[in-house]
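> I'd like to go over a predicted model; first the sequence, then the structure.
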Amino acid sequence: MNRELVIAAAQMGPNQRSDSRTQIVQRMLDLMEKAARCGAEMIVYPELALTTFFPRWYLKDAAEIDSFFETEMPGPETQPLFTRARQLGVAFSFGFAEKVEHLGGSERFNTSILVDKDSNIALRYRKIHVPGHSQYESWRPFQHLEKFYFKPGKDYFSTARILNTEFSLAICNDRRWPETYREMALRGAEVALIGYNTPMHYAPMPSHDHLQSFHNHLCMQAGAYQNGLWVVGVAKAGLEEGCQLLGQTCIIAPTGEIVAQASSTGDEVILALCNIDRVKEIRENVFNFEHHRRPEMYPMISATH
């Protein structure tokens, strides 16, 4: 009998700087309710779902920076998500800015979590491929200071088994790197959940702006097909603080085919009935790692230079 799972991708429209956590969480709850009414068992939200994409600004005030970060999860403002999901019996995933306090100081990460249907955090992932720059650059129309605000994650891609399925998490720029999907697949992942906030304008290479939509789907479809993965890519989209963010939230089968896609750049739920066992169509045939892969012939992949 095939393992079938109804997965919802909960695209979010823009979060403005003046929007409170309470307002944003209420929108997330509205999306959760819609998804659950349609039979979703898993609901996936985007990267930095709780705030605007603040790395577009160079902020100096420590208290202002802290206002974008979570120090506990769930906290008072995010607890309603966990409570309602448990009542509905649905699992979910979302991204947020995380501040971790420890002896000697603190660290900040771009983080995503996977929450089971009993509202237990089953998996926590901290973004590995942190893009952008670490210092203010005056020539840019807006900043991309992720390297200023976030440390790279220290843990490998990993998986968690919930809903009788092996899930793995990635965030935004991770989706552009083929190693992301390969590492997930080698570790047994069957579904990759990827949230993103992607500007339509790429300041270092504006001649590529017209390719943003193409590259978004290209990397996720290739990752799905070449590794036999279901891929759920979820955007925060629309005009956010004067910056146009890409939409194109989609659910991709292990064959690389897009089976559902958002049609707007606002709050929108899309769903797909995912036959998880379709991963075998790829992994037992054209990309059978055990029979056809030649890791001894790829030494540069593991090189550190």
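It's in.

> need phi/psi at the residue most central in space within the chain.
For the chain, the residue sitting closest to the mean C-alpha position, by CA atoms, centre = their mean, is residue 195 at 2.1 Å. In terms of degrees, to the nearest 10, the main-chain angles of residue 195 are phi -100, psi 150.

> now do the strands in the stretch 1-150 of the chain.
4-11, 42-44, 91-102, 105-115, 121-126 (DSSP state E, counting those that start in this stretch).

> residues making contact with stretch 169-182?
Residues from elsewhere that reach stretch 169-182 (CB atoms under 8 Å, 6 or more residues apart in numbering): 47, 93, 95, 110-114, 123, 125, 127-131, 157, 184, 192-198, 215, 219-220, 222-224, 226-227, 229, 231, 233, 301. From N, CA and C alone the C-beta is placed, and that goes for glycine too.

> if any of these are buried, put those into a PyMOL selection.
In PyMOL syntax, the buried subset of the contacts of stretch 169-182 is picked out as below (16 or more other CB atoms under 10 Å):
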select buried, resi 47+93+95+110+111+112+113+114+123+125+127+128+129+130+157+184+192+193+194+195+196+197+198+219+220+223+224+226+227+229+231+233
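
> narrow the contacts of stretch 169-182 to those in helices?
184, 215, 219-220, 222-224, 226-227 (DSSP state H).

> could those be laid out in TSV, adding distance to residue 272?
Below are the ones in helices among the contacts of stretch 169-182 laid out as TSV (distance: CB to CB, whole Å):
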residue	distance to residue 272
184	19
215	22
219	19
220	14
222	19
223	17
224	13
226	20
227	18
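
> ok, so of those, who is nearest residue 57?
residue 215 (25.0 Å; CB to CB).

> rewinding a little: the residue nearest to the centre of the chain against residue 110, yeah?
No - applying CB atoms under 8 Å, one finds residue 195 not in contact with residue 110, separated by 9.9 Å.

> which residues do the two both contact?
With CB under 8 Å, 6+ apart, residue 195 and residue 110 have common neighbours 47-48, 95, 171-172.

> show me the shaky parts of this structure.
305 (pLDDT under 70).

> mind running it again at 80?
1, 303-305 (pLDDT under 80).

> which stretches in it count as helices?
Using DSSP H, helices in the chain cover 21-37, 62-66, 79-88, 146-149, 178-186, 212-227, 279-283, 289-292.

> would you turn these into CSV with distance to residue 206?
Listed next are these as CSV, based on distance: least, CB to CB, whole Å:
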stretch, distance to residue 206
helix 21-37, 30
helix 62-66, 28
helix 79-88, 37
helix 146-149, 19
helix 178-186, 25
helix 212-227, 11
helix 279-283, 36
helix 289-292, 39
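
> who wins for proximity to residue 12 among the ones you listed?
helix 21-37 (6.8 Å).

> what angle sits between that closest one and strand 91-102?
150 degrees (axes from the mean of the first three to the mean of the last three CA atoms, to 10 degrees).
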